[in-house]
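Colleague: Model the following, please.
(4 chains)
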Number of protein chains: 4
Amino acid sequence: MLTIGVDIGGTKVAAGVVDDQGQIVAHTLRPTAADRPDVVAQTVAEVVGELSAGRDVEAVGVGAAGFVDETRSIVRFAPNLAWREEPLQKKIAGLVGLPVVIENDANAMAWGETRFGAGRGQSHVVCLTLGTGIGGGLVFDGRLYRGRWGMGAELGHMQVVRDGRLCGCGNRGCWEQYASGNALVKAAREIAEVQPERARILLGLSGGTIEGEEVTEAARQGDTASLAAFAELAEWLGQGMADLAAILDPGCFIVGGGVSRAADLFIDRAREEFARRLTGREHRPFAEVRLAELGASAGVVGAADLARHR
Amino acid sequence: MLTIGVDIGGTKVAAGVVDDQGQIVAHTLRPTAADRPDVVAQTVAEVVGELSAGRDVEAVGVGAAGFVDETRSIVRFAPNLAWREEPLQKKIAGLVGLPVVIENDANAMAWGETRFGAGRGQSHVVCLTLGTGIGGGLVFDGRLYRGRWGMGAELGHMQVVRDGRLCGCGNRGCWEQYASGNALVKAAREIAEVQPERARILLGLSGGTIEGEEVTEAARQGDTASLAAFAELAEWLGQGMADLAAILDPGCFIVGGGVSRAADLFIDRAREEFARRLTGREHRPFAEVRLAELGASAGVVGAADLARHR
Amino acid sequence: MLTIGVDIGGTKVAAGVVDDQGQIVAHTLRPTAADRPDVVAQTVAEVVGELSAGRDVEAVGVGAAGFVDETRSIVRFAPNLAWREEPLQKKIAGLVGLPVVIENDANAMAWGETRFGAGRGQSHVVCLTLGTGIGGGLVFDGRLYRGRWGMGAELGHMQVVRDGRLCGCGNRGCWEQYASGNALVKAAREIAEVQPERARILLGLSGGTIEGEEVTEAARQGDTASLAAFAELAEWLGQGMADLAAILDPGCFIVGGGVSRAADLFIDRAREEFARRLTGREHRPFAEVRLAELGASAGVVGAADLARHR
Amino acid sequence: MLTIGVDIGGTKVAAGVVDDQGQIVAHTLRPTAADRPDVVAQTVAEVVGELSAGRDVEAVGVGAAGFVDETRSIVRFAPNLAWREEPLQKKIAGLVGLPVVIENDANAMAWGETRFGAGRGQSHVVCLTLGTGIGGGLVFDGRLYRGRWGMGAELGHMQVVRDGRLCGCGNRGCWEQYASGNALVKAAREIAEVQPERARILLGLSGGTIEGEEVTEAARQGDTASLAAFAELAEWLGQGMADLAAILDPGCFIVGGGVSRAADLFIDRAREEFARRLTGREHRPFAEVRLAELGASAGVVGAADLARHR
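Modeller: Next up, the predicted model:
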């Protein structure tokens, strides 16, 4: 039996038909109009129509950035799509005539990776998606953890620095201000601005504004500023994992997202920092720190599987 | 059917026969020799023997401070009793001839409070026991959360201050250095030492060394230093709950432990700080912050109930 | 008798003939080639030649950004002009045939303001020039303070935040990263980036990159982000002045530089923070916090007067 | 010609007759009643009478802890002796019939060390007396620096940690909370309390409460906790000296006070930290960090010499 997984991003809707082994047997992609949140359900319905033609599809799972309520029906708040209390499940279900579940996108990714990717065989998984911010997903005792109202796993918003960098959430010092892709770029820009002599390679690669790809490439070429930015990321990543391990004692961390493509530049150091900072480190096993395996399709695969096990 | 709950503390063993409504039908108490960890199992066996005489007891649950492994059999590490990889379950079971489960003491308390105390009816509970440190217990989807290796819920060891106060765990800046009973006393002593004119009532009450009871009493009498110490505790308690809510989205926090007897002096402010610091606060329900109801017997009741549902 | 004051900036040389009342009787301005530090002395000589034609000029004072040695002859290091151990006094004196003294530019400004501007009549003055960084100048007992090797008054490089923002000097947490014009812009940009809804006016005023003028204008129009940036500047300015007053007990602070043109937006709050944070505040007089009066000509006037009293 | 120097401490008055080479030719010591500030002048007069009998004494210099006004006549505030606006100069002069100058005790020590001790030949000296707090004294261009109202050189009250340890002055994070004798003891006690296994030697040496002497002795015997406390002291001492050098560019730091008797345990590391943290370190000479030479008599010698050069 097949299910469809849909991943609603800020600029496009990705979707795939997924079998019970987590294999994508067909997939498609459409642009979304970020300023027209009202048409997203329509776009999802079209995508589902296209993919289910000639196939026996059982259900649809939809991942979306934002707070999804505990019934997995309503998007309470989506920063990118300006949704407030959006009854997305009802809208889509009405259009497609199939069972539909809505899930937070980072949760969907975490589920995809745990079921069919880096977390196979693990019962307690903390999944970290390092992109603009830090997306978090938690699997406990083999089940996706949602919290009381479906808003758990906002891991990027633990405070790690008192009076620290301002976060989009309105607080200061959130973890994602120190260990995300944005944080990496911020750290590199800071050094390039105040100590340009340490950032010659980086400044040579970037015409004007420094972005993540250039920091990675410059670090590979030995740019001191870029290497320092990765070191800072690694240190904070390790610290945050140590905090989460104190609370959750997972068997495994999975690190994914755009930044993880440069994992060779920070993951070993992040592991060391984690091990060095974990409370009770002399008396306990250490969680593994693995890299995500499914890449950009983790969300589609996870959403589809959540629909199967709805 | 009855079960026995045992709470092994640093100085005494408390135990009770508990029915399936969480009522203690009989209880007893014995001193422990902290320097003789090897005789603790014997003491537990004696207590169980005494309590089960003439009663139909089904199983025994034992709560102990320290890391208890995922099979709930072995105490890997107990700071107060110098246990290392202690096969406590086997020792006690061998002596008492009943099914035995071992559990971390803060977990047992959390379970007791959730089942029969302040957390009744709640599915997602974070329990905080404010004493020397901060003991933590987590109930998710109605079940006690243990983590991959049984070492979850060490909530007091999240880092909240970079390069902060030294913790007994070897790290710096752990939450329990700022929001426990010890932290309260530390804050009051600091003010009393450097600004004795703000601590006149407190210094009058305490002959020499300041302890928690005096801080509480002095605060009730309007002592500025003691009130400031409680305010600091409240602020950090609120911050830590905001961090935990970002990660876990619980429906309810339960605040217990010795410090909670002075809850009137800090709990309202802690609630305010929590609400003011929670990420996404405009788009989500707030967890309740409740006071523990079972007092010192939460551990016995919880351990007994865990044995019942072993 | 007249003297000439010269102010060597990164992009231009400003100079004036100054009388013993601090009045500029003639002035001129030339562009400098920042990439040709070797021709600066020649430019200064031309300017002096032009200004001294037909006038009885006694001596020349030159202010330059950088470390000037204790003999006031050699620029050891100039960040903008790539000078290292530059014998500037000798070069210029050889070309102009007049006595020449070299001084750090912030020192020259401080001296100008103290003698003829906001510090008239004050014996102990701390002068703060808030621009890209924080330039500092100290007048003690009516004399310019230079330190053992001429490198005193680098006030912007006190550390105020452990592990704080990276500074161009290579350290972290320097005061000028929190209380200069650059710091103001940084704070405003941070808010505008992560909380654009608070920065609507600011973002409307600035086409793309936010600069200081826009922050000022937006603050005047009530932009929340810009007002918050000024509040942050004021707080740190007050803290740093409190630190300096603990050390130096001045009678007066003079606040100048480009940022001081927006003083109405921060100076009252800076005074309050200073008063609130000064050690021993209950038992001492408070230094006044005054605004600079001479504007951009303070450096020329100060350099000329230092040449007179060489 | 001889002068008399008097050092008023919290528990005793020390005094000596000093020649113009800084040699003490006679000395004496009396207890003070800390609760009778009104009789201190009388005690000083008796001491002066005793010492001047049969000698040709020109003037009297008195060093006292507290804020001494710019006329060197009035003690505005003395933390230990409960003086407020005490006209000490007038009182003593009236009793002894000799010219009298009052000076802050740390200033007197700084002057003594600069003239006749570790600072001989230095023009720009920062003197640090590490005891309960940090006493500071400044010599600029060969003259004692007092500030506008005589309250300069409160070096221990620069803020080095935002929201840091509470200081007796009412502020938080003052330098003397991190780099004084009290700070050393605090650091050692913290480790001994939370990680007693690292402090076995220290705990063995101290019956109960840990004091400075025990920390020193334990560090000499290799106690890990005590060595860590000294390392922390050294680090903060170096940081503070780097801050002061940025502001003041001294040729020399003199480190004295009770803690300096254990200088072998921290001074090299403090020098390293200073050098590593000094702004502009690649382009400037480094101030020397010397140990005080006059010990407890620096105050008497300095006060006497200040009276000579009144």
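Colleague: Low-confidence stretches in the stretch 1-150 of chain A?
Modeller: A:34 (pLDDT under 70).
Colleague: Kindly recompute the last result at 90.
Modeller: Applying pLDDT under 90 to the stretch 1-150 of chain A flags residues A:1, A:9-11, A:32-39, A:77-84.
Colleague: Please tell me how far the residue nearest to A:K91 when sequence neighbours are not counted sits from A:D305.
Modeller: Closest residue in space to A:K91, ignoring its immediate chain neighbours: A:A41 at 3.9 Å, by CB to CB, 6 or more residues apart in numbering or on different chains. In this view, the C-beta of every residue, glycine as well, is placed from N, C-alpha and C. Counting by CB to CB, to the nearest Å, the separation of A:A41 from A:D305 is 22 Å.
Colleague: cool, and A:D163?
Modeller: 42 Å.
Colleague: Which one's more surrounded, the two?
Modeller: Just comparing A:D163 and A:D305: by other CB atoms under 10 Å in any protein chain shown the higher neighbour count belongs to A:D305, 25 against 11.
Colleague: Quick check, the more buried one in contact with A:T3.
Modeller: Yes. Between A:D305 and A:T3 a contact is recorded at 7.2 Å, counting by CB atoms under 8 Å.
Colleague: Common neighbours of these two, please.
Modeller: Residues touching both A:D305 and A:T3 (CB atoms under 8 Å, 6 or more residues apart in numbering or on different chains): A:V18, A:G61.
Colleague: Could you give the separation of stretch A:174-185 from the chain centroid?
Modeller: Computed by CA atoms, centre = their mean, to the nearest Å, the chain-centroid distance of stretch A:174-185 equals 13 Å.
Colleague: End to end on that stretch, go ahead and measure it.
Modeller: Distance across stretch A:174-185, first residue to last, is 16 Å (CA to CA, to the nearest Å).
Colleague: Stretch A:193-212 too?
Modeller: Start-to-end span of stretch A:193-212 (CA to CA) is 16 Å.
Colleague: got it, and stretch A:10-25?
Modeller: OK, stretch A:10-25 end separation, CA to CA: 24 Å.
Colleague: what comes up buried for that stretch?
Modeller: Across stretch A:10-25, burial judged by 16 or more other CB atoms under 10 Å in any protein chain shown covers A:V13, A:A14, A:A15, A:G16, A:V17, A:V18, A:G22, A:I24.
Colleague: do stretch A:171-189 as well
Modeller: A:171, A:173-189.
Colleague: SS state for the residue nearest in space to the middle of chain A?
Modeller: Nearest residue to the geometric centre of chain A (CA atoms, centre = their mean): A:T129, 3.2 Å. Assigned with DSSP: H, G, I helix; E, B strand; the rest coil, A:T129 falls in the strand class.
Colleague: Which strand residues bridge it?
Modeller: A:G135, A:G256 (DSSP bridges).
Colleague: Could you list which residues are in contact with it?
Modeller: A:T129 makes contact with A:A106, A:M109, A:G135, A:G136, A:G137, A:G256, A:G257, A:A292, according to CB under 8 Å, 6+ apart.
Colleague: Would you confirm that the fifth one belongs to a strand?
Modeller: This points to A:G137. Yes. Membership of A:G137 in a strand is supported by three-state DSSP.
Colleague: Any idea how many residues pack against the closest residue to it other than its chain neighbours?
Modeller: Spatial nearest neighbour of A:G137, excluding adjacent residues (CB to CB, 6+ apart): A:A110 at 2.2 Å. By the criterion of other CB under 10 Å, A:A110 has 33 neighbours.
Colleague: ok, A:A110 to B:R146 distance?
Modeller: According to CB to CB, A:A110 stands 20 Å off from B:R146.
Colleague: same thing with A:L227?
Modeller: In this view, A:L227 and B:R146 are 40 Å apart by CB to CB.
Colleague: same question, A:V62
Modeller: Computed as CB to CB, the A:V62 to B:R146 distance reads 32 Å.
Colleague: ok, these two, which is more surrounded?
Modeller: Set A:V62 next to B:R146 and count neighbours by other CB under 10 Å: A:V62 wins out with 32 against 23.
Colleague: so does the longest helix seen in chain A get close to chain C?
Modeller: If you go by DSSP state H, chain A has its longest helix at helix A:224-248. No. Contact of helix A:224-248 with chain C (CB under 8 Å from any CB of the partner chain) is absent, the minimum separation being 9.3 Å.
Colleague: as a whole number, average confidence for that helix?
Modeller: Mean pLDDT, computed over helix A:224-248, is 98.
Colleague: does chain B sit close to that helix?
Modeller: Yes. Helix A:224-248 comes into contact with chain B (CB under 8 Å from any CB), by way of A:Q239, A:A242, A:D243, A:L244, A:A246, A:I247, A:L248.
Colleague: now the residues you listed in JSON lines, with distance to B:H309 and neighbour count?
Modeller: JSON lines is the format used below for those (distance: CB to CB, whole Å; neighbours: other CB atoms under 10 Å in any protein chain shown):
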{"residue": "A:Q239", "distance to B:H309": "36", "neighbour count": "23"}
{"residue": "A:A242", "distance to B:H309": "32", "neighbour count": "22"}
{"residue": "A:D243", "distance to B:H309": "30", "neighbour count": "26"}
{"residue": "A:L244", "distance to B:H309": "27", "neighbour count": "23"}
{"residue": "A:A246", "distance to B:H309": "26", "neighbour count": "27"}
{"residue": "A:I247", "distance to B:H309": "24", "neighbour count": "24"}
{"residue": "A:L248", "distance to B:H309": "22", "neighbour count": "26"}
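Colleague: List just the nearest of these to chain C.
Modeller: A:Q239 (12.7 Å; CB to the nearest CB).
Colleague: Do a quick rundown of the strands in the stretch 151-300 of chain A.
Modeller: Counting by DSSP state E, counting those that start in this stretch, the stretch 151-300 of chain A has strands at residues A:252-256, A:288-291.
Colleague: Output those strands in CSV; the columns should cover mean neighbour count.
Modeller: Formatted as CSV, these follow (neighbours: other CB atoms under 10 Å in any protein chain shown):
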stretch, mean neighbour count
strand A:252-256, 26
strand A:288-291, 18
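Colleague: check which helix or strand covers A:A110.
Modeller: helix A:105-116 (DSSP states H and E).
Colleague: packing partners for that helix?
Modeller: strand A:2-8, strand A:57-64, strand A:125-130, strand A:134-140, strand A:143-144, strand A:252-256, helix A:298-308 (3 or more CB pairs under 8 Å, 6 or more residues apart in numbering or on different chains; DSSP states H and E).
Colleague: Pipe these into TSV and attach distance to A:R277 per row.
Modeller: Shown next, in TSV, are the helices and strands packed on helix A:105-116 (distance: least, CB to CB, whole Å):
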stretch	distance to A:R277
strand A:2-8	33
strand A:57-64	32
strand A:125-130	15
strand A:134-140	17
strand A:143-144	27
strand A:252-256	13
helix A:298-308	27
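Colleague: quick one on the thing from earlier: most widely separated two among the contacts of A:T129?
Modeller: Using CB to CB, these reach their maximum pairwise distance at A:G136 and A:A292, which is 13.0 Å.
Colleague: list residues touching both of these two?
Modeller: Common neighbours of A:G136 and A:A292 (CB under 8 Å, 6+ apart) are A:C127, A:T129.
Colleague: what's the closest of the residues of helix A:224-248 next to chain B to chain D?
Modeller: A:A246 (16.6 Å).
Colleague: what residues does chain A put near chain C?
Modeller: Residues of chain A lying near chain C (CB under 8 Å from any CB): A:R165, A:L166, A:C167, A:G168, A:G170, A:E190, A:I191, A:V194, A:Q195.
Colleague: ok, the third one - contacts?
Modeller: Applying CB under 8 Å, 6+ apart, one finds that A:C167 lies in contact with A:H157, A:G173, A:C174, A:E176, A:Q177, B:T279, C:V194.
Colleague: Contacts only, for the nearest residue to the last one once chain neighbours are set aside.
Modeller: Taking CB to CB, 6+ apart as the measure, C:V194 lies nearest to A:G168, with 4.4 Å between them; neighbours along the chain are not counted. Applying CB under 8 Å, 6+ apart, we find A:G168 in contact with A:P79, A:G133, C:V194, C:Q195.
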